[in-house]
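Engineer: what follows is a predicted structure for the sequence shown.
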Amino acid sequence: MADTLTRLEATVRARKGGDAATSYVARLFARGRPKIAQKLGEEAVETVIAAMAGDRAEVIKESADLLFHLTVLLAEMDVPLADVLAELDRREGLSGLAEKAARPAE
Ligand SMILES: N=c1c2ncn([C@@H]3O[C@H](COP(=O)(O)OP(=O)(O)OP(=O)(O)O)[C@@H](O)[C@H]3O)c2ncn1[C@@H]1O[C@H](COP(=O)(O)O)[C@@H](O)[C@H]1O
């Protein structure tokens, strides 16, 4: 999975400043962060709708759209995918319940 996303990240980054007439990613970059963030939100909602309908095939397609648009947003913000993966690595083995219990009281 990391290999696939790393290749996608390289393709997406190479589209920065590219021709919006021939590249969907270049068009997204040209439209800016608000549009990219909006697309990410839409794909998240569509993934949720597919999940609630119990539609596995649609969940797979919408999840791919979601990961793709997340990759574009990270590239737009110049956040390397490796930084996100490193954060997941840091959390590895730490139960979400234990992490939550260790948070300072609000
Ligand atoms: N993985 C993807 C990918 N997944 C989804 N999409 C596109 O994302 C868009 C999302 O669909 P929507 O119907 O929501 O989009 P829309 O209606 O055009 O969006 P708006 O009208 O809201 O702006 C579609 O145009 C899909 O084709 C992708 N476009 C590109 N890639 C990858 O990015 C690479 C570079 O793409 P280009 O920049 O187009 O060359 C490709 O080779 C692929 O590897």
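Structural biologist: Sure, I can see it.

Engineer: closest to the centroid, which residue in the protein?
Structural biologist: In the chain, the centroid-proximal residue (CA atoms, centre = their mean) is residue 70; its distance is 2.1 Å.

Engineer: residues contacting it?
Structural biologist: Residues in contact with residue 70, defined by CB atoms under 8 Å, 6 or more residues apart in numbering, are residue 40. No exception for glycine: its C-beta is placed from N, CA and C like everyone else's.

Engineer: okay, and it sits in which element?
Structural biologist: helix 56-76 (DSSP states H and E).

Engineer: wait, does that helix make contact with the ligand?
Structural biologist: Yes - interface with the ligand: helix 56-76 contributes 65, 68 (CB under 6 Å from any ligand atom).

Engineer: alpha carbons of whatever helix or strand comes next after that helix, in PDB - could you do that?
Structural biologist: Counting by DSSP H and E, the next helix or strand C-terminal to helix 56-76 is helix 81-91. Extracted C-alpha coordinates of helix 81-91, given in PDB (Å, rounded to 0.1, in the frame of the first residue of the first chain):
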ATOM      1  CA  LEU A  81       3.300  11.200   2.800                       C
ATOM      2  CA  ALA A  82       6.300   9.800   4.800                       C
ATOM      3  CA  ASP A  83       5.400  12.200   7.600                       C
ATOM      4  CA  VAL A  84       1.900  10.800   7.900                       C
ATOM      5  CA  LEU A  85       3.200   7.200   7.800                       C
ATOM      6  CA  ALA A  86       5.800   8.100  10.400                       C
ATOM      7  CA  GLU A  87       3.000   9.400  12.700                       C
ATOM      8  CA  LEU A  88       1.200   6.100  12.200                       C
ATOM      9  CA  ASP A  89       4.400   4.200  13.000                       C
ATOM     10  CA  ARG A  90       4.800   6.200  16.100                       C
ATOM     11  CA  ARG A  91       1.300   5.200  17.200                       C
END
